[in-house]
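[1] would you be able to build a 3D model of this:
(chains A, B, C and D)
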There are 2 protein chains.
Amino acid sequence: MIEVPDIDRSSTTERVAGALREMLFAGGVAPGDPLREISLAESFGVARSTVREALQVLAAEGLVTRYPNRGVVVTELTARDIAEIFEARLVLETAGVRAGAAGRDLSAATVALSAYAAAAKADDPVEQTEAHLEFHTSLVALLGNSRLVAQADSLNQDLRLALASVQRARRNARAQVADHRRLLSLMRAGDEAAVTAELDRHLRGAAVSVTERLLAP
Amino acid sequence: MIEVPDIDRSSTTERVAGALREMLFAGGVAPGDPLREISLAESFGVARSTVREALQVLAAEGLVTRYPNRGVVVTELTARDIAEIFEARLVLETAGVRAGAAGRDLSAATVALSAYAAAAKADDPVEQTEAHLEFHTSLVALLGNSRLVAQADSLNQDLRLALASVQRARRNARAQVADHRRLLSLMRAGDEAAVTAELDRHLRGAAVSVTERLLAP
DNA sequence: GGACAATTATTGTCGGACAATCTGAGTGTC
DNA sequence: GACACTCAGATTGTCCGACAATAATTGTCC
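    Numbers count the residues shown, from 1 in each chain, chains lettered A, B, ... in the order given. Next up, the predicted model:
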């Protein structure tokens, strides 16, 4: 097999969607901001129909919201939305750590945790958030169910969007990493009750923290 | 306030997507069948771009699959997909019935069960499947989390698509309804362990049955 | 100040065009 | 006969321009 560099085989629509996604996660546009088809088409140098398709992709992911005949705006999350997201994550991730405690292969989760620990040392909040959520997704991945992973991913994307507007490195990154390390070792020990309790505690704390940061003036 | 009939305020795209959805659920097109943009546009009497948008909506829902530069085909589910769907449903619905056993308001689920019982008497398999899945969704709805309900809905849609190709009334509709009634009464009794066990049993049995029906020649 | 009409901005839908890509048939080579 | 190659046809991906439909805004009148 010959080594070939990865040719970019993505469509224009995908690239536009990707660029918009980056803008959203980097906080380039704030929740509630309108995304005008014409102006985006001019900025990217593509046709309006292409932008429309890209926006529809993002709308399906929940990152933007379409109001009929009025256009697309960056999705705004309420405190209730945040609560729902964390509750849903708790449901999915609890199922994941149960499987983990029951003896699934934890190597992928271990790798994800290392990546998170590394990102925590560097001071890039976007990168850190991504690695953090990546680890949580890896917990769901313990179930080996692609649909559940996709659902977890979707929840995490919504969260990333919300966090973009208050992006700053968590001060206690080290404590955070320790929290996650504990989850892993409890799974290794096979202590299902303890790991689910710890996950519950962890996510509840995070939900409170995120909500506070979002609603703080 | 004057009573006005519900004006159809949906866009052309939505109507086309809806029509396609019906075709899929009614088995008008089989999994693997291609959906050509031009021919659909002519059939519906709309522009190709409108069909494209509708297809993208369905693709986001997972009902159809887009192969770049080769078009869109009705999604084909493998035995593994079926297993994943049922496992994912088990995760979501277990969380639901736990909440139910913990004392949530069960009236919505009760209503859904009545509707299912009624549909089971009539002999419309499409209607019956819909009511059945509706009941299961109502279990997830016990959590009061719209995101989890949406995820459950999405799983059920995929299942409906798969079932469309082998659509016929379950012979033992009465036994099915009894199964579900049991779930409800166990929740009413607040017996969490029993209701989760029963749900597990019920879904595993359904998974086997569906898989057999799909793979049978 | 509020009801109402006129203006404007934007989306929703259409039709046509063309390049890029995939498919399959045919052709030639070994 | 198996294989590589070329080529034509079909289909998608993307662009452009147009215009109706709808919503937001402004302006006008009482």
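
[2] residue A:151 contacts residue B:153, doesn't it?
    No. Between residue A:151 and residue B:153 there is no contact under CB atoms under 8 Å: 11.6 Å. Any C-beta I mention is one placed from the backbone N, CA and C, and that applies to glycine too.

[3] who's more crowded, those two?
    residue A:151 (26 against 16; other CB atoms under 10 Å in any protein chain shown).

[4] give the closest residue to the residue in chain A positioned nearest to chain B in space, chain neighbours not counted.
    Here chain A gets closest to chain B at one residue, residue A:60, 3.5 Å apart by CB to the nearest CB. Of all residues not flanking residue A:60 in the chain, residue B:60 sits nearest, at 3.5 Å (CB to CB, 6 or more residues apart in numbering or on different chains).

[5] is it true that that neighbour lies in a strand?
    No. Assigned with DSSP: H, G, I helix; E, B strand; the rest coil, residue B:60 falls outside any strand and is helix.

[6] return the distance of it relative to residue A:21.
    15 Å (CB to CB, to the nearest Å).

[7] how about the helix or strand harbouring residue A:87: buried residues?
    Applying DSSP states H and E as the criterion places residue A:87 in helix A:79-101. In terms of neighbour count (16 or more other CB atoms under 10 Å in any protein chain shown), helix A:79-101 has its buried residues at A:81-82, A:84-101.

[8] average pLDDT for that helix?
    For helix A:79-101, mean pLDDT is 96.

[9] quick one: name whatever helix or strand follows it.
    helix A:107-121.

[10] CA atoms of that next one as CSV?
    C-alpha atoms of helix A:107-121 as CSV (Å, rounded to 0.1, in the frame of the first residue of the first chain):
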residue,chain,number,x,y,z
SER,A,107,-7.8,1.7,26.6
ALA,A,108,-9.6,4.2,24.4
ALA,A,109,-10.9,6.1,27.5
THR,A,110,-7.4,6.0,29.0
VAL,A,111,-6.0,7.6,25.8
ALA,A,112,-8.7,10.2,25.8
LEU,A,113,-7.8,11.1,29.4
SER,A,114,-4.1,11.5,28.6
ALA,A,115,-5.0,13.8,25.8
TYR,A,116,-7.2,15.8,28.2
ALA,A,117,-4.4,15.9,30.8
ALA,A,118,-2.0,17.2,28.1
ALA,A,119,-4.5,19.9,26.9
ALA,A,120,-5.1,21.0,30.5
LYS,A,121,-1.4,21.9,30.8
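
[11] which residues does that helix contact?
    For helix A:107-121, the external contacting residues (CB atoms under 8 Å, 6 or more residues apart in numbering or on different chains) are A:100, A:127-128, A:130-132, A:134-135, A:137-139, A:141-142, A:173-174, A:176-177, A:180-181, A:184, A:187.

[12] just the buried subset of those residues, written out for ChimeraX, thanks.
    Entered in ChimeraX, the line below selects the buried ones among these, by 16+ other CB under 10 Å:
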select /A:100,127,128,130,131,132,134,135,137,138,139,141,142,173,176,177,180,184,187
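
[13] for the closest residue to DNA strand C within chain A, which non-adjacent residue is closest in space?
    Here the residue of chain A nearest DNA strand C is residue A:71; by CB to the nearest atom of the strand that distance is 3.4 Å. For residue A:71, ignoring the flanking residues on the chain, the nearest one in space by CB to CB, 6+ apart is residue A:34 at 5.6 Å.

[14] now that neighbour: phi and psi?
    Main-chain dihedrals, residue A:34, degrees, to the nearest 10: phi -80, psi 150.

[15] neighbours of it, just the number please.
    Neighbours of residue A:34 (other CB under 10 Å): 13.

[16] isn't it up against residue A:66?
    No. In this structure, residue A:34 is not within contact of residue A:66 by CB under 8 Å, at 11.1 Å.

[17] between the two, which contacts overlap?
    Shared contacts of residue A:34 and residue A:66, counting by CB under 8 Å, 6+ apart, come down to residue A:72.

[18] now do the same contact list for the spatially most central residue of chain A.
    Nearest to the mean C-alpha position of chain A, by CA atoms, centre = their mean, lies residue A:156 at 2.8 Å. Residue A:156 makes contacts with A:89, A:133, A:136-137, as judged by CB under 8 Å, 6+ apart.

[19] turn the residues you listed into a markdown table, including secondary structure.
    Output for these, formatted as a markdown table (three-state DSSP):
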| residue | secondary structure |
| --- | --- |
| A:89 | helix |
| A:133 | helix |
| A:136 | helix |
| A:137 | helix |
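
[20] isn't residue A:100 right next to residue A:140, touching?
    No. Taking CB under 8 Å as the definition, residue A:100 is not a contact partner of residue A:140, at 10.1 Å.

[21] flag the shaky bits of chain A, pLDDT-wise.
    A:1-8, A:167-171, A:216-217 (pLDDT under 70).

[22] so where do the helices sit in it?
    If DSSP state H is used as the criterion, the helices of chain A fall at A:12-25, A:37-44, A:48-61, A:79-101, A:107-121, A:125-141, A:146-164, A:173-189, A:192-215.

[23] summarise which helices and strands the fourth one is packed against.
    Yep, that's helix A:79-101 we're talking about. helix A:125-141, helix A:146-164, helix A:173-189, helix A:192-215, helix B:79-101, helix B:146-164 (3 or more CB pairs under 8 Å, 6 or more residues apart in numbering or on different chains; DSSP states H and E).

[24] go on, the shortest one?
    Using 3+ CB pairs under 8 Å, 6+ apart as the contact definition, the elements that helix A:37-44 packs against are helix A:12-25, helix A:48-61.

[25] mind listing what's buried in the first one?
    Okay, so that is helix A:12-25. Applying 16+ other CB under 10 Å to helix A:12-25 flags A:13, A:16-17, A:20-21, A:23-25 as buried.
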